[in-house]
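*Asks:* I would like the atomic coordinates for the input below:
(2 chains)
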Amino acid sequence: MSATTSNASVRSTEPLVWGNPSFHDVTQTVSGIVEERKTPIWWWVAISISGALTLNFFAMMAYLFWTGIGVWGNNVPVGWGWPIVNFVFWVGIGHAGTLISAVLFLLRQKWRTSINRFAEAMTIFAVICALIFPGIHVGRIWVAYFMFPIPNQMAMWPNFRSALMWDVFAVGTYFTASFLFWYTGLVPDWATLRDRAQTKWRRLIYGVLAMGWRNGNKQWKHYELAYLLLAGISTPLVLSVHSVVSTDFATSMQFGWHTTIFPPYFVAGAIFSGFGMVMTLAILARIVYPPVKNYMTVTTLERMAKVIMLTGMMVGYAYITEFFMAYYSGNKYEQFVFVNRMFGPYAWAYWIMFSCNVIIPQIFWSKKMRTSIPVLFVASIFVNIGMWFERFVIVITMHRDFLPSSWGMFKPTIYDIGIFAGSFGLFFTLFLLFLRFVPMIAMSEIKGVLPQAQVKHHHGHDEGGA
Amino acid sequence: MSEQVKVHGALAEFDGPQALMDAAGKMRKAGFSKWDTHSPFPIHGMDDAMGEKRSPLGWFVSAAAFTGFALALYFQYWTSAVDYPLIIAGKTYFSYMAFFPITFALTVLFSVLTTVGGMVVLIKHAFYHPVFYSNNFAKASDDGFFVSVMADDPKFDASATSDFLTSIGGTNVELLQEVEG
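*Replies:* Numbering: from 1, shown residues only, chains lettered A, B, ... in the order given. Sure thing, here's the model as predicted:
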């Protein structure tokens, strides 16, 4: 049952962790980052920038609430504009974490151990950014409670048949589940920090977070089953959340959106973009904290590159299928939408999307490219750019709808740009706080996959133990 | 001032995962009931060695999942077909297919909350526990492997149990008692 320590699935001869560390080395390396007394200078520099962007984010939101959503470039026929582009972008980024922690856990992919904490944290922060956008997009923020089924003076209920309602529940549940999964994984590591604490406050704070964890096997057995259950429950959730997000588009009567390919296409794109962001952040973490190089090894990054290439090709397949189906449908409006995307005034966006998502990941056929850190870094940035443009293309190319007299071009305002940049500020602020105060690698899980953690079984059912 | 120091149990350290596993087998044979092994990571096969039953958490979560499913579907039926019936997009009042995404989300939500809540209950969450009286025990979350026996175990006897822990290979054997001062 304890999949974290079973080694039945290890096929590769290469160690998961380099440098053959002892259990204590693992504790020392990972906790050392959090316990470092002097906060590094780069951290202050980085958080000043991201903090400034975040403050600007809140200031611009305040202006937005005061004035109304007219401060954005949204206008019919592009009613959704950047807020929904950003919402789908951030939700997509948020998919890698749970995929890595849940799906790869069930598939016994032990290389996930070194990046799962990291990716889950990224997921939570990305979903926080994502949840802000539909919230502020309603314009009248003071009636945002309409989204929840709360008894009210009008005796009205939300329309549960609406894809937008599905979104509220799907993304809200996703946030809760991801957060609890992350927290459960953290409990033994909080206990490690508590036991190493030098000051009373650290011991108190980490002690409360650790919930009195005492590493007993009578605790581990419940813990491990809880972890397995969370992984099992989260697996269909990962696949469903972006499917539901895609129904915002797919259930509308809009050419170019009203297609059944959207759910799988969005899910593949979400995994693709999420892995891109994990790659970017993992490489940055390797630069600022060199000791983690032995955990987030080049081999781990190479495996992520393979996932990026695979999902990139799935996304490319979806682009081509969409185009073919538009042609094959014989529907003039559907065809126009796609021709307009590829060759219309927003063709530049379409081709940025296509190059970044389909062509650039093809370099990962070469092992040399997959194992080169600079190449991986640059490619992961392109993936992030490409996936933002995918959502841009889907939302913004509605600028030519059924009525040619209402055709126009979408122009983002300074508030569109500031709020988008601000969401990155919030994301990186949260991530920097995470790096400084939370163990970024799951220590207890890493210890469980080290060779010296393997034991012989007593009851004769040897499952290939070392 | 002259209060007697109460012994809450005994603690012994072992060499590594294999030694702990062997010790667990011997503890089990000796017939202890209120005891536990402590390790920085879950050790595969330890439940068998200790004679531990499988965690019942799965049953609680199944019950929660069914509850979440039924409640979500019923709530959507009640609001859309009973309390404020309204025809939307030409669908029937109880258009259960359109209700499915939210039903699924709430099934998941109930399940995850029960999983984590149930775990907190089952691990006997407590900020104070006799094992923390030991200064050596901090290693359990780093690289230490321990066996603890609680004083309310019927077989517990401060000196005999300590000797037994030494005899099965335990080192740094100590009694868990409140440190004075």
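*Asks:* The stretch 251-400 of chain A: helices as residue ranges?
*Replies:* A:262-288, A:298-329, A:332-343, A:347-354, A:367-370, A:373-396 (DSSP state H, counting those that start in this stretch).
*Asks:* and the ones you listed, which is most packed in?
*Replies:* When the helices of the stretch 251-400 of chain A are scored by mean count of other C-beta atoms under 10 Å in any protein chain shown, the highest mean neighbour count falls to helix A:262-288 (a mean of 23). From N, CA and C alone the C-beta is placed, and that goes for glycine too.
*Asks:* where do the helices sit along chain B?
*Replies:* According to DSSP state H, chain B carries its helices in the segments B:17-30, B:46-50, B:57-77, B:96-122, B:158-167.
*Asks:* got the CA coordinates for the first one in PDB?
*Replies:* These are the backbone C-alpha positions of helix B:17-30, laid out as PDB (Å, rounded to 0.1, in the frame of the first residue of the first chain):
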ATOM      1  CA  PRO B  17      14.700   0.900   9.100                       C
ATOM      2  CA  GLN B  18      15.700  -2.800   9.000                       C
ATOM      3  CA  ALA B  19      16.600  -2.900  12.700                       C
ATOM      4  CA  LEU B  20      13.300  -1.100  13.500                       C
ATOM      5  CA  MET B  21      11.400  -3.600  11.500                       C
ATOM      6  CA  ASP B  22      13.000  -6.600  13.300                       C
ATOM      7  CA  ALA B  23      12.400  -4.900  16.600                       C
ATOM      8  CA  ALA B  24       8.700  -4.400  15.700                       C
ATOM      9  CA  GLY B  25       8.400  -8.200  15.100                       C
ATOM     10  CA  LYS B  26       9.900  -8.900  18.600                       C
ATOM     11  CA  MET B  27       7.700  -6.300  20.300                       C
ATOM     12  CA  ARG B  28       4.700  -7.900  18.700                       C
ATOM     13  CA  LYS B  29       5.700 -11.400  19.800                       C
ATOM     14  CA  ALA B  30       6.300 -10.100  23.400                       C
END
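*Asks:* rewinding a little: dump the helices of the stretch 251-400 of chain A to CSV, plus distance to chain B and mean pLDDT.
*Replies:* Below are the helices of the stretch 251-400 of chain A laid out as CSV (distance: least, C-beta to the nearest C-beta, whole Å; pLDDT from 0 to 100):
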stretch, distance to chain B, mean pLDDT
helix A:262-288, 11, 94
helix A:298-329, 19, 94
helix A:332-343, 21, 93
helix A:347-354, 27, 96
helix A:367-370, 30, 94
helix A:373-396, 20, 96
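*Asks:* picking up where we left off before, format the helices of chain B as CSV; extra columns: distance to chain A and mean neighbour count.
*Replies:* As requested, the helices of chain B are arranged in CSV below (distance: least, C-beta to the nearest C-beta, whole Å; neighbours: other C-beta atoms under 10 Å in any protein chain shown):
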stretch, distance to chain A, mean neighbour count
helix B:17-30, 5, 20
helix B:46-50, 5, 21
helix B:57-77, 5, 17
helix B:96-122, 4, 21
helix B:158-167, 16, 16
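*Asks:* Just give the nearest non-adjacent residue to the spatially most central residue of chain B, would you?
*Replies:* Closest to where the C-alpha atoms of chain B average out (C-alpha atoms, centre = their mean) is B:Ile123, at 2.5 Å. Excluding the flanking residues, the one nearest B:Ile123 by C-beta to C-beta, 6 or more residues apart in numbering or on different chains is A:Gln219, at 4.2 Å.
*Asks:* quick one: contacts for the one you found?
*Replies:* Counting by C-beta atoms under 8 Å, 6 or more residues apart in numbering or on different chains, A:Gln219 touches A:Trp213, B:Ile123, B:Lys124.
*Asks:* One more: B:Ala160?
*Replies:* Here B:Ala160 is in contact with no residue (C-beta under 8 Å, 6+ apart).
*Asks:* so what pLDDT did it get?
*Replies:* For B:Ala160, the pLDDT comes out at 92.
*Asks:* Distance-wise, check it relative to B:Phe32.
*Replies:* To B:Phe32, B:Ala160 is 12 Å away according to C-beta to C-beta, to the nearest Å.
*Asks:* next one: A:Phe431
*Replies:* Distance from A:Phe431 to B:Phe32, by C-beta to C-beta: 47 Å.
*Asks:* rewinding a little: may I see the contacts of A:Gln219 organised as CSV, with pLDDT added?
*Replies:* What follows is the contacts of A:Gln219, written out as CSV (pLDDT from 0 to 100):
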residue, pLDDT
A:Trp213, 92
B:Ile123, 89
B:Lys124, 84
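*Asks:* With respect to A:Val244, which of these is nearest?
*Replies:* Distance ranking of these against A:Val244, using C-beta to C-beta, places B:Ile123 first at 33.3 Å.
*Asks:* got the contact list for that closest one?
*Replies:* For B:Ile123, counting by C-beta under 8 Å, 6+ apart, the contacting residues are A:Met211, A:Trp213, A:Lys218, A:Gln219, A:His222, A:Tyr223.
*Asks:* how many neighbours does the closest residue to the first one other than its chain neighbours have?
*Replies:* Just to be clear, that refers to A:Met211. Leaving aside its sequence neighbours, A:Met211 sits nearest to B:His125 (C-beta to C-beta, 6+ apart; 5.1 Å). Counted with other C-beta atoms under 10 Å in any protein chain shown, the neighbours of B:His125 add up to 15.
*Asks:* pretty sure B:His125 is touching A:Val208, no?
*Replies:* No. The criterion here is C-beta atoms under 8 Å, and B:His125 misses it with A:Val208 at 11.2 Å.
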